[in-house]
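1. return a 3D structure for these sequence lines:
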Amino acid sequence: MLDDIKVKLQIVNGAAIKPEHFSVKKLTEISEIHQMVMAKNRFSVSEMDAIVTELGTLKHEG
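-> Numbers count the residues shown, from 1 in each chain. Here you go, the predicted structure:
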């Protein structure tokens with residue numbers, strides 16, 4: 001799912017969003033983001049920023 005999101009949003013620094021950075025406990029939230037991203041064809045800069053920011057909040061601490 002994360003790879004799909006990175007490709008769709010054309011994220012340059014894909015290393016910042018790796019599956020091992022996320023807990024399985026966050027799978028529901030990641031799935032919801034994935035569904036939303038896959039449903040849209042285009043994103044504004046502010047939408048992309050919001051999505052990446054939200055993914056950042058779901059990452060493991062430490």
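2. need the pLDDT of the residue nearest to the spatial centre of the chain.
-> Nearest to the mean C-alpha position of the chain, counting by CA atoms, centre = their mean, stands L55 at 4.8 Å. According to the per-residue confidence, L55 scores 94 in pLDDT.
3. what secondary structure does it sit in?
-> What DSSP: H, G, I helix; E, B strand; the rest coil gives for L55 is helix.
4. leaving out the residues flanking it, which one is nearest to it?
-> Spatial nearest neighbour of L55, excluding adjacent residues (CB to CB, 6 or more residues apart in numbering): I17 at 5.9 Å. Glycine gets a C-beta too; all of them are placed from N, C-alpha and C.
5. burial count for that neighbour?
-> 19 (other CB atoms under 10 Å).
6. need the phi and psi values for it.
-> Note on I17: its backbone torsions stand at phi -130, psi 90 [degrees, to the nearest 10].
7. how about the one 5 residues further on?
-> Dihedral angles phi and psi of F22 (degrees, to the nearest 10) take the values phi -120, psi 150.
8. next: K59.
-> Per degrees, to the nearest 10, the backbone of K59 is at phi -70, psi 150.
9. so who does it touch?
-> Going by CB atoms under 8 Å, 6 or more residues apart in numbering, K59 touches 21-22.
10. tally of neighbours for T28?
-> 9.
11. from what I can see, it looks like it's in a strand, true?
-> No - counting by three-state DSSP, one finds T28 to be helix, located in no strand.
12. if I look at it, how far off is P19?
-> Relative to P19, T28 is positioned 15 Å away (CB to CB, to the nearest Å).
13. which pLDDT value goes with K26?
-> 94.
14. can you tell me the closest non-neighbouring residue to it?
-> Nearest residue to K26, sequence neighbours excluded (CB to CB, 6+ apart): L58, at 4.6 Å.
15. before we move on, what about E29?
-> L58 (5.6 Å).
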